[in-house]
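Peer 1: Coordinates only, no sequence provided:
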């Protein structure tokens, strides 16, 4: 299959089409910031209302695992950026491997997160499912963990979607669907992946790093 | 007049790798400083680190498609609007005073 | 059956391929607009049916028609349907979809497949909501306040919330589409400040849709989660705050009303300039005003929460900002009025709707200012004064403008002229019926009648009866266009390219337009050159 871009009838040329698609993706990313933003806003307000409870709750999260997860996502961002670069240089094989690597890191993120959830289940920290904590800060701890599950849940869903799309793209790259003159879909997917990374960049300190100094 | 994608600016590999190194270093700083008792500075440092990491990812990893002024504006708008939500909501929560009972 | 003028329909977007499959898989923005119009009309009738039940119930003080439970479900359904399935999509998805590419000289929107997806999301969300109704309805009010919606309501909250969530994405994707279309697909010579004000209105609306609706989506998801899990962040027992919900909800829902009014303002500018044969006064200020409304409109949401327990300082800030947002609206009202000055005014049906808009929006806006003052809001909140205020701006404003736009562009969309006599009669009937319905509600609210109650004190009955009588007249006014517009499709005179002798690129193509919009590339001229003879 040739890697020449097909121009839709409403566009005059491929550049106009690419610029429109790129602008569209950036506008969509702005909507995602506001979508996740609700959770960040809720978190901010709840933390302002319950600073001590949140600190206690944060200490119950798995900081080493969370830190590794952050490092994994940061690395995956660099891999997908390198993949886009590789396609521009028509290095399809390298691009395929980099995309697969990105997806693999994404999957490992989800697996690590699954371990976190499992441990929290064991420690009765999942609100609505056998939540059992005691002490005056127990309500605030439950509030924290509600937010924790909502934020990480929605984030993980976005990671899952990203991984799926990236794997499909890796296949298409291997089959020659993309080239230096045709890779807008790849670029836009990379943008989405970077957003998923950015969301986590903010989630990490808010969830894992409060009250760690004891 | 039909335009096609012209020769593109290719970012050298080492720039991506340096940025990754910087991101991981920042991660270490935030994790490390969290273990120190710095009072109000803890959340401030963490937030500053997050903002810096975000700017690095946006400027370098996303730069190739962020070249136009318009897209820079769009990317800023989302954050600005979020800060309006958080800011004005905090204006309520931070300035509440509990009503004393009348007796 | 009269012979349809074959030339008019030959090769138009309506006539090429009549099959259902072609319509349901279309990528043509004009057909998608028509598909939306069908949905919009259906939901308007459903919401109107709920309103009929409400007004019938309020004829007697003891609320004999419905018990309190049923009444709660009726006004909830009315609000949910009218806000999310009628008002918010109405002008943007019908007139916006149809006209935006035409007005900028494009062949379609930027993302046609996304456009069709938006329609399916709209219909899908609507079906969820209708399912909720059939399953017994929802009684939380369209505002879904917690903790009632999350913990105590025994109704189908999840279904409705799911429906609105899905439709919210229809809104978001449409907004993305329109923003990119306006930036990327303007034809040669169509610079930003040559755009018709309708395009500016749609663009400003799209900005609001894109920035506000995601917040609604997540907030609704949080309600659903809290309802399902039995625990969540709005739960006071955990230290959560129900006001957190209100902040999040109104952060969307106040800008939502600007989603409803900005396109209407765009329509009115087009109609007034055409039927006064004058260029719009203060074009630049009109565009800046619309952008200012879109931006400042995001900073005023707390005026819905003055009595909810918000801090006094926050109330002050929100009140000041609410006064500020009235300024650009006022500028627009002044400019429309000034546009009329020294004009050759004719009173075709679209003009009647547009003039009605200006007057009713003015009244509604001024009462909004009254409510923006916390001291006045305290006794007036949750009374019929508020109900009257928002119906003046949303019905007297948005719906009037929507109907005006439908009439104005009907010849372009269908190639037919409707009966001017019937249309004028319907418009006047509507104006009269509307005022009879809602003006008494200002008085009722001022006198203290609370909203969302199925019964009321006997001293309020006279005004309630007047209001319900007005509603029946209003309903007749709404039903009339259904008949004479449909009739015009078969028997109406052929419209020709430009029956109103208007300016603007959409009038440079045939009525109805061909699928590709323009047979010859359109010539960009001044969209308001009414002071010059048509070239």
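Peer 2: All right, it came through fine. From a predicted model like this one, the values you see are computed outputs, not experimental measurements.

Peer 1: remind me, longest helix of chain B?
Peer 2: helix B:69-93 (DSSP state H).

Peer 1: Where does pLDDT dip in chain A?
Peer 2: In the predicted model of chain A, residues A:1-4, A:214 satisfy pLDDT under 70.

Peer 1: can you map out the helices along it?
Peer 2: Here chain A has its helices, by DSSP H, at A:14-49, A:51-59, A:63-88, A:92-122, A:138-174, A:184-208.

Peer 1: and residue C:483, how far is that from chain B?
Peer 2: Distance, residue C:483 to chain B, by Cβ to the nearest Cβ, to the nearest Å: 45 Å. Any C-beta I mention is one placed from the backbone N, CA and C, and that applies to glycine too.

Peer 1: now do residue C:276
Peer 2: Distance of residue C:276 to chain B, given as Cβ to the nearest Cβ: 36 Å.

Peer 1: so how far is chain B from the residue nearest to that residue when sequence neighbours are not counted?
Peer 2: Of all residues not flanking residue C:276 in the chain, residue C:343 sits nearest, at 3.2 Å (Cβ to Cβ, 6 or more residues apart in numbering or on different chains). Using Cβ to the nearest Cβ, residue C:343 is found at 38 Å from chain B.

Peer 1: List the residues that contact the residue positioned nearest the centre of chain B.
Peer 2: Nearest to the geometric centre of chain B sits residue B:51, at 3.2 Å (Cα atoms, centre = their mean). Neighbour list for residue B:51: empty [criterion: Cβ atoms under 8 Å, 6 or more residues apart in numbering or on different chains].

Peer 1: per-residue pLDDT, it?
Peer 2: The model reports residue B:51 with a pLDDT of 95.

Peer 1: Residues of chain B that sit close to chain C?
Peer 2: Proximity of chain B to chain C (Cβ under 8 Å from any Cβ of the partner chain) is limited to residues B:70, B:77-78, B:81, B:84-85, B:88-89, B:91-93, B:95-97.

Peer 1: where does chain B dip in pLDDT?
Peer 2: Using pLDDT under 70, chain B drops low at B:1-8, B:64-67, B:101, B:103.

Peer 1: Which parts of it are helices?
Peer 2: Applying DSSP H to chain B gives helices spanning B:13-34, B:41-56, B:69-93.

Peer 1: Just send those back as TSV, with distance to residue C:375 too.
Peer 2: Converted to TSV, the helices of chain B look like this (distance: least, Cβ to Cβ, whole Å):
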stretch	distance to residue C:375
helix B:13-34	47
helix B:41-56	38
helix B:69-93	18
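
Peer 1: And the helices in the stretch 151-300 of chain C?
Peer 2: Under the criterion DSSP state H, counting those that start in this stretch, helices of the stretch 151-300 of chain C are mapped to C:157-184, C:197-229, C:242-276, C:283-296.

Peer 1: Adding mean neighbour count and mean pLDDT, write those helices out as JSON lines.
Peer 2: What follows is the helices of the stretch 151-300 of chain C, written out as JSON lines (neighbours: other Cβ atoms under 10 Å in any protein chain shown; pLDDT from 0 to 100):
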{"stretch": "helix C:157-184", "mean neighbour count": "24", "mean pLDDT": "97"}
{"stretch": "helix C:197-229", "mean neighbour count": "25", "mean pLDDT": "96"}
{"stretch": "helix C:242-276", "mean neighbour count": "26", "mean pLDDT": "97"}
{"stretch": "helix C:283-296", "mean neighbour count": "19", "mean pLDDT": "97"}
